[in-house]
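Colleague: Next input, structure requested:
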Amino acid sequence: MSSDGRLREAVSHQQAGRVREALRLYESILADEPEHPHALNFAGVAHAQMGNDRRAMELLRKAADVQPENPEAHRNLGIALRDQGRFQEAAHALRRVLEILPDSAEGHNDLGIVLRRAGKFDQATAAYRHALTLDPEYAQAHCNLGNALQEQDKLDAACRSYRRALAIDPAMAAVHRSLGNALQRLERLDDAVDSYRRALDADPGYVPTYSDIGGALVERGDVEEGIGFLRRAIALDPGAAFAHSNLGMAMHRLGDLQAAREAYDASLALEPGNTHALAFKTITLHELGEFDAERQLVDVGRFLRSASIAAPEGYADADEFNTALSDYANRQYDLSREQVRREGITPELFAESKGPVTGLKDAVRRQVNDYIASLPDDPTHPFVARRPKQFKIIGWANLLSDNANIHIHPHAWLSGVYYARTRGLEGGRDGMPAGGIGFGSPDPRFTTARDFEIHSYEAEEGRMLLFPSYFWHGILPFESPRRRISYAFDILKVD
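Modeller: The predicted model follows:
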């Protein structure tokens with residue numbers, strides 16, 4: 001059979017999902033013609049689909065070299081690099097696509113995806129917006145823009161992007177779900193549930209939405225209905241860790257503590273270190289009276305670290321650095337007043353760190369690396385066992401005039417706070433430091449117990465605290481004539 005005939009047959013196999021058969025034919029073509037451009041390109045994609053990363057890179061790079069002006073060759077190389085987490089190389093390949101086709105909306109969208117995954121949210125947002133200037137009806141770019149905005153906590157803007165995508169294509173189940181996620185984070189539970197229902201109308205087999213709507217219904221108080229959706233999610237996908245965790249929260253609310261614990265354990269067996277499951281399991285253990293097991297998870301002495309941070313290069317002393325951080329936080333908050341999710345909290349600031357935040361982010365990275373290195377070798381502890389080899393940092397500023405609700409950071413592994421301006425805090429209660437941070441007592445909406453031990457720490461300028469993201473915590477009451485300014489941050493595991 002000729003090379004062209006084998007190529008047509010191989011492409012047909014690949015499009016039908018018969019990748020091994022396609023590869024056999026592509027490799028036979030390359031044995032005869034080692035620089036056949038289409039065989040190189042398609043075979044590289046096929047090897048990437050099979051997880052043969054080294055061979056995929058070899059072929060895709062050669063395809064791009066053989067046809068340097070073929071945008072598809074550079075695009076396939078960029079996507080393969082992206083899927084391997086090699087974001088800088090992927091961005092370089094995709095920028096080559098845009099050198100060849102500067103007006104490609106798809107090319108700008110592809111680049112935005114890589115930049116977003118690399119945590120460069122401002123650049124990703126700009127890439128998506130450029131794609132949309134070229135093609136205003138590009139529904140997927142509207143969706144991707146919404147995702148980037150949501151990751152920066154710009155939730156109202158994210159909702160607008162999702163709705164624009166859905167106005168173009170109402171059948172996009174994933175966009176209905178993403179809209180529901182944003183609305184749920186805005187605590188607009190009725191609207192979130194409605195979006196999840198629309199996602200299921202568009203795709204009744206879209207399993208993650210069953211878990212989402214179940215969790216939202218439980219949070220809204222419709223526990224029995226929520227349990228029905230959660231059990232449906234688990235039946236469709238027994239490996240859905242978050243569905244098990246949401247089911248645990250639902251069973252706890254019904255008062256079936258043993259069933260709640262079993263659901264959390266099922267979630268943790270699937271995803272060790274699941275922050276949501278660990279946080280709510282600690283409440284259930286407490287109400288079951290299993291205090292030793294609870295203390296093993298919430299071991300403040302073992303897992304909370306405190307460090308005094310020296311001023312970075314370019315600042316005379318810590319006070320000058322903290323003043324610069326405070327001024328920057330005030331400016332960013334004033335610039336983003338229409339985008340803030342909660343009063344007193346800026347959108348994400350660390351992704352494209354500028355000015356003094358660059359020095360702070362460097363200090364956070366050093367402290368986190370030291371923290372990870374200092375953890376004991378304990379594969380039985382779900383938090384320790386999940387320590388990341390690679391991580392990214394997101395962060396924001398808190399400019400507050402009073403205390404904050406007790407909460408966790410459900411999507412992170414480690415969290416922390418740095419105090420930039422805390423002078424003049426007064427009004428502490430029950431012997432607790434005014435405006436400090438308290439650990440131990442969970443959100444009272446989720447427990448009937450009243451005897452949780454509270455560990456409190458002073459808000460000291462220049463001090464950084466690190467703690468597991470599943471630790472329940474909140475800012476202690478205070479009074480102050482001016483804003484108390486701190487920077488909070490999350491450490492996200494990069495697979």
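Colleague: Tell me, how many residues neighbour residue 16?
Modeller: The number of residues packed near residue 16 is 10, by other Cβ atoms under 10 Å. In short, each C-beta sits where N, CA and C put it, glycine included.
Colleague: Contact partners for it?
Modeller: Applying Cβ atoms under 8 Å, 6 or more residues apart in numbering to residue 16 gives no contacts.
Colleague: Then residue 22?
Modeller: Contact partners of residue 22, counting by Cβ under 8 Å, 6+ apart, are 10, 11, 13, 14, 42, 46.
Colleague: how near is it to residue 43?
Modeller: 8 Å (Cβ to Cβ, to the nearest Å).
Colleague: Likewise for residue 221?
Modeller: If you measure residue 221 against residue 43 using Cβ to Cβ, the figure is 55 Å.
Colleague: Between those two, which is the more surrounded one?
Modeller: More crowded of residue 221 and residue 43, by other Cβ under 10 Å: residue 43, with 27 against 10.
Colleague: what helices or strands is the strand or helix carrying that one leaning on?
Modeller: According to DSSP states H and E, residue 43 maps onto helix 37-49. The contact analysis (3 or more Cβ pairs under 8 Å, 6 or more residues apart in numbering; DSSP states H and E) places helix 37-49 against helix 3-15, helix 19-32, helix 53-66, helix 71-83.
Colleague: Surely residue 11 is in contact with residue 42?
Modeller: Yes - here residue 11 reaches residue 42: they are 6.5 Å apart, a contact under Cβ atoms under 8 Å.
Colleague: between those two, who's got more neighbours?
Modeller: residue 42 (24 against 16).
Colleague: quick one: least confident helix or strand in this protein?
Modeller: Least confident helix or strand, the chain: helix 3-15 with a mean of 84, by mean pLDDT, DSSP states H and E.
Colleague: Just the buried residues of that one, please?
Modeller: Buried residues in helix 3-15, counting neighbours by 16 or more other Cβ atoms under 10 Å, are found at 3, 6, 7, 10, 11, 13, 14.
Colleague: Give me the packing partners of it, helices and strands only.
Modeller: helix 19-32, helix 37-49.
Colleague: Pick the most buried one from those.
Modeller: Of all the helices and strands packed on helix 3-15, helix 37-49 has the most neighbours on average by mean count of other Cβ atoms under 10 Å, namely a mean of 23.
Colleague: quick one: the residue nearest to the spatial centre of the chain and residue 291, what's the gap?
Modeller: The centroid of the chain falls nearest to residue 411 when counting by Cα atoms, centre = their mean (5.9 Å). In this structure, residue 411 and residue 291 are 28 Å apart, going by Cβ to Cβ.
Colleague: got it, and residue 93?
Modeller: For residue 93, the distance to residue 291 - Cβ to Cβ - is 55 Å.
Colleague: Who has more neighbours out of those two?
Modeller: Neighbour count, other Cβ under 10 Å: between residue 93 and residue 291, residue 93 has more, with 25 against 11.
Colleague: What does that one show for phi and psi?
Modeller: Backbone torsions for residue 93, taken as degrees, to the nearest 10, come to phi -60, psi -40.
Colleague: so it sits right up against residue 61, yeah?
Modeller: No - Residue 93 lies out of contact with residue 61 (Cβ under 8 Å); the separation is 9.2 Å.
Colleague: and residue 350, helix, strand or coil?
Modeller: Here residue 350 is coil, with the state taken from DSSP: H, G, I helix; E, B strand; the rest coil.
Colleague: ok, now the one 4 residues further on?
Modeller: With three-state DSSP as the basis, the three-state label of residue 354 is coil.
Colleague: residues in contact with it?
Modeller: By Cβ under 8 Å, 6+ apart, no residues touch residue 354.
Colleague: Check it and give its pLDDT.
Modeller: At residue 354, the pLDDT value in this model is 77.
Colleague: re earlier: how many degrees apart are the helix holding residue 43 and helix 3-15 in direction?
Modeller: Relative orientation of helix 37-49 versus helix 3-15 (axes from the mean of the first three to the mean of the last three Cα atoms, to 10 degrees): 20 degrees.
Colleague: Which stretches in the stretch 151-300 of the chain count as helices?
Modeller: If DSSP state H, counting those that start in this stretch is used as the criterion, the helices of the stretch 151-300 of the chain fall at 155-168, 173-185, 189-202, 207-220, 223-236, 241-254, 257-270, 275-288, 291-297, 300-303.
Colleague: do you know which of these lies nearest residue 485?
Modeller: With Cβ to Cβ as the measure, helix 155-168 is the member of those nearest residue 485 (22.3 Å).
Colleague: and the closest one, what other elements does it pack with?
Modeller: In this structure, helix 155-168 makes packing contacts with helix 139-151, helix 173-185, judged by 3+ Cβ pairs under 8 Å, 6+ apart.
Colleague: Those helices: which one's closest to residue 72?
Modeller: Using Cβ to Cβ, the nearest of the helices and strands packed on helix 155-168 to residue 72 is helix 139-151, at 18.2 Å.
Colleague: by how many degrees do the closest one and helix 155-168 diverge?
Modeller: Angle of helix 139-151 versus helix 155-168, following the same axes, to 10 degrees, is 170 degrees.
Colleague: Show residues contacting helix 139-151.
Modeller: With Cβ under 8 Å, 6+ apart as the test, helix 139-151 has contacts from 105, 108-109, 112-113, 116, 121, 124-125, 128-129, 131-132, 135, 155, 157-162, 164-166, 168-169, 172, 174-175, 178-179, 181-182, 185, 348, 394.
Colleague: now do stretch 455-467
Modeller: Residues from elsewhere that reach stretch 455-467 (Cβ under 8 Å, 6+ apart): 300, 303-309, 318-319, 322, 363-364, 367-368, 371, 414-423, 425, 432-433, 435-440, 473, 476, 484, 486.
Colleague: do stretch 117-134 as well
Modeller: Residues from elsewhere that reach stretch 117-134 (Cβ under 8 Å, 6+ apart): 82, 85, 87-88, 91, 103-109, 111-113, 115-116, 138, 141-142, 144-145, 148-149, 151-152, 348, 351-352, 392-394.
Colleague: Kindly report the same for stretch 406-417.
Modeller: Contacts of stretch 406-417 (Cβ under 8 Å, 6+ apart): 273, 275-276, 279, 364, 367-368, 371, 383, 386-388, 391, 437, 441-444, 464-474, 486-493.
Colleague: Report the buried members of the residues you listed.
Modeller: Among these, those classed as buried by 16+ other Cβ under 10 Å are 273, 275-276, 279, 364, 367-368, 371, 383, 386-388, 391, 437, 441-442, 464-474, 486-493.
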